[in-house]
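J.: Next one to model:
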Amino acid sequence: MTLPKILKRRNKNLISEEKTTAIIEWPDHIVSLTNEDFDQFINDFPLSVVDFWASWCAPCKAMVPRLRRLSKLYHKRVAFGKVDIQEYRHIAKKNKIMGIPHLIFFRYGKKVGSITGLKSIGSIKDVIEDLLNIT
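T.: Next comes the predicted model:
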């Protein structure tokens with residue numbers, strides 16, 4: 001699985017200067033992250049949400065349809081990823097995950113918020129909306 005990359009495109013309105021504008025290729029699904037692509041994923045997007053979960057966790061399973069719905073609602077505004085903490089313990093340890101499900105919100109790689117536990121779509125939307133409205 002390859003991650004979306006930021007592409008550069010020349011702005012045709014500028015004749016005298018060689019300026020480029022960044023075009024982001026937003027994922028259309030929740031991306032399963034690994035040790036190799038986690039940092040790239042969180043650094044590439046203006047706002048990303050990473051779900052830390054485990055296969056044995058019932059509340060984690062209940063979060064899946066909620067996050068799918070949110071990924072559709074916020075397509076091209078927020079990137080959604082997930083990390084299996086059993087398989088990628090290093091990422092969980094690095095991000096100090098103490099309970100699951102655990103969502104961390106990143107703005108170009110910098111942690112800007114987190115929530116732990118089973119949350120409603122409305123609760124998660126409130127956090128996302130707050131983060132999108134910060135200038």
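
J.: got any ranges where the chain has weak pLDDT?
T.: 1-22, 135 (pLDDT under 70).

J.: And the next helix or strand past the longest helix along it?
T.: Counting residues, the longest helix found in the chain (DSSP state H) is helix 58-73. Sequence order places strand 79-84 as the next helix or strand after helix 58-73, per DSSP states H and E.

J.: Restricting the selection to alpha carbons, write that following strand to CSV.
T.: Presented in CSV, the C-alpha positions along strand 79-84 are these (Å, rounded to 0.1, in the frame of the first residue of the first chain):
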residue,chain,number,x,y,z
ALA,A,79,-6.9,12.2,6.7
PHE,A,80,-7.8,9.1,8.8
GLY,A,81,-5.3,6.4,9.8
LYS,A,82,-5.2,3.4,12.2
VAL,A,83,-2.4,1.6,14.1
ASP,A,84,-2.7,-1.9,15.5
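
J.: Sort out which residues of that strand are buried, please.
T.: For strand 79-84, the neighbour count (16 or more other Cβ atoms under 10 Å) marks A79, F80, G81, K82, V83, D84 as buried. Every C-beta, even on glycine, is put in place using the N, C-alpha and C of the backbone.

J.: Surely H75 and H29 touch.
T.: No - using Cβ atoms under 8 Å, H75 is not in contact with H29, being 9.7 Å away.
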